[in-house]
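*Asks:* Here is a sequence together with a model predicted from it:
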Amino acid sequence: MSGINDYIDSEVKANDVVLFMKGTPGFPQCGFSGQVVQILDYIGADYKGVDVLTSAELRQGIKEYSNWPTIPQLYVKGEFVGGCDIVREMFQAGELQTFLVEKGVSVKGAA
C-alpha cells in the first residue's frame, strides 16, 4: 500500500492546493465534490483536482492517508483542511479566503 501513499504524499506536497474528489473540477461526479469545486472556483484559488474514481486503491488510500472517511478532501500546503462541510463552513464564515491567503495562496479579491 505504500506506493499509493507515496503518490498521495507527493500530490499533497507538490501542489499548494489539492482537492481529492470524485470526478474532475470540470465534471464533478458527486454533489459534495461539486460544492467544493464551486467554492474554490468562486474565490479564484488555483488548485489541482485529483479524481479518486480512477482507482479503488487511491479512493481507499486517501481515506487512510488523512484518517478522514469521506471524499472530497482539501489539502493546502501539505495540510489537510477538511471535507465539504468544513470547507463550506469556512467559506461562509469568510475564513477560507483568509486561511488561503495566510498560507500564501492567491485568491480573487483577497485583501
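*Replies:* Sure, I can see it.

*Asks:* what's the neighbour count on the closest residue in space to Thr70 that isn't next to it in sequence?
*Replies:* Here the nearest residue to Thr70 in space, its sequence neighbours aside, is Gly83; by Cβ to Cβ, 6 or more residues apart in numbering that works out to 5.0 Å. All C-beta spots, glycine's among them, are computed from the backbone N, C-alpha and C. Under the neighbour criterion other Cβ atoms under 10 Å, Gly83 is assigned a count of 20.

*Asks:* Phi, psi for Gly83 please.
*Replies:* In terms of degrees, to the nearest 10, the main-chain angles of Gly83 are phi -100, psi -160.

*Asks:* Confirm for me that it is in contact with Ile62.
*Replies:* No: using Cβ atoms under 8 Å, Gly83 makes no contact with Ile62, being 11.0 Å away.

*Asks:* ok so, going back, need the per-residue pLDDT for the residue nearest to Thr70.
*Replies:* For Gly83, the pLDDT comes out at 98.

*Asks:* Mutual contacts of Gly83 and Ile62, please.
*Replies:* Shared contacts of Gly83 and Ile62 (Cβ atoms under 8 Å, 6 or more residues apart in numbering): Ile71, Gln73.

*Asks:* Report the distance from stretch 32-50 to the chain centre.
*Replies:* From the chain centre to the centre of stretch 32-50 is a distance of 8 Å (Cα atoms, centre = their mean, to the nearest Å).
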